[in-house]
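Peer 1: Here you go, sequence then predicted model.
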Amino acid sequence: MITVTVLGNGNVGTQLCKAFLKSTEVLLLENYNRKGLPISGCHVTVTSDLQQLKKADVYIVAYGDQALFEVSDTLKHLDGIIVHTSGATSMKVFSDFSEYGVLYPIQSIRKELAINFKKIPFGIEGSTPTVTKTLKKIANSISNHVDILDSQQRLQLHVAAVFANNFSNFMFSQAAEICGMSNIDFQLLLPLISDSIKKLEISDPRKIQTGPAVRNDEVTIEKHLDILKNKEQKHLYKTLTKAIQDYYGQEL
């Protein structure tokens, strides 16, 4: 059985602790966080002393990207595989260690939500074939979908995820504001949003684009621009409309 210690009690660290605690192939030894706070809903030993960490096969550093560049010196006494969970940071941030890698859950994770890791894909990368094999076993113990991705591929995927998740959620927030201006319940859009997501399971998103921009429906576009009083939303509408029309070979 592979022994694992998780460093960090943020969104990713918390959820990984919960997932590994249920695994039959990974033994979660403990969690480290600076304040020694218990993990809510997860009965795992917690410590605030890095120097007293138990010997583990793998130490998963579930810190924010910026912190990863600052922790190497504090972890040099650890004798095991050191990995991080970031999509945007190179594996080589830990190149001072003899064995290192990445265990990247491809999901926007919140600690307060129930998560089924079996449905969440993981991107892994190891400094050696042996490390990669170990990380694959760890990821497979909680997920049904594990891919080997190098640092460049992972960064590319992270950018794509920002477009697919972060930018789209911002669009939802703008839609909610526009609805609110006329006392319209945003919930009325949920079936439309849900249907759009379901279509992605069977179709290439490039083939299912709809709306006035791709139809080059100037009359509707002008009506929309006229009703938008918020200058930033109007600018956003124009920018996205032009991007869609340029992408599909049409002119404004």
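Peer 2: Now that the structure is in, tell me what you want to look at.
Peer 1: Look at Gln209 and tell me its secondary structure.
Peer 2: For Gln209, the assignment made with DSSP: H, G, I helix; E, B strand; the rest coil gives coil.
Peer 1: Next, count neighbours for it.
Peer 2: Applying other Cβ atoms under 10 Å, we find 12 residues neighbouring Gln209. Backbone N, C-alpha and C define where each C-beta goes, glycine included.
Peer 1: wouldn't it be in contact with Ala243 here?
Peer 2: No. Judged on Cβ atoms under 8 Å, Gln209 makes no contact with Ala243 at a distance of 11.2 Å.
Peer 1: quick one: the helices in the stretch 1-150 of the chain?
Peer 2: Assigned by DSSP state H, counting those that start in this stretch, the helices in the stretch 1-150 of the chain fall at 11-22, 65-68, 72-75, 129-140.
Peer 1: what comes into contact with the second one?
Peer 2: Around helix 65-68, the neighbours that count as contacts under Cβ atoms under 8 Å, 6 or more residues apart in numbering are 61, 84, 86, 88-89, 93-94.
Peer 1: Also the first one?
Peer 2: The set of residues that contact helix 11-22 without belonging to it, under Cβ under 8 Å, 6+ apart, is 4, 6-7, 9, 26, 28, 31, 33, 39-44, 60, 62, 85, 105, 109-111, 115, 117, 141-142.
Peer 1: Can you show me the helices along the stretch 151-252 of the chain?
Peer 2: Counting by DSSP H, counting those that start in this stretch, the helices of the stretch 151-252 of the chain are 151-161, 168-181, 190-199, 212-215, 218-227, 231-247.
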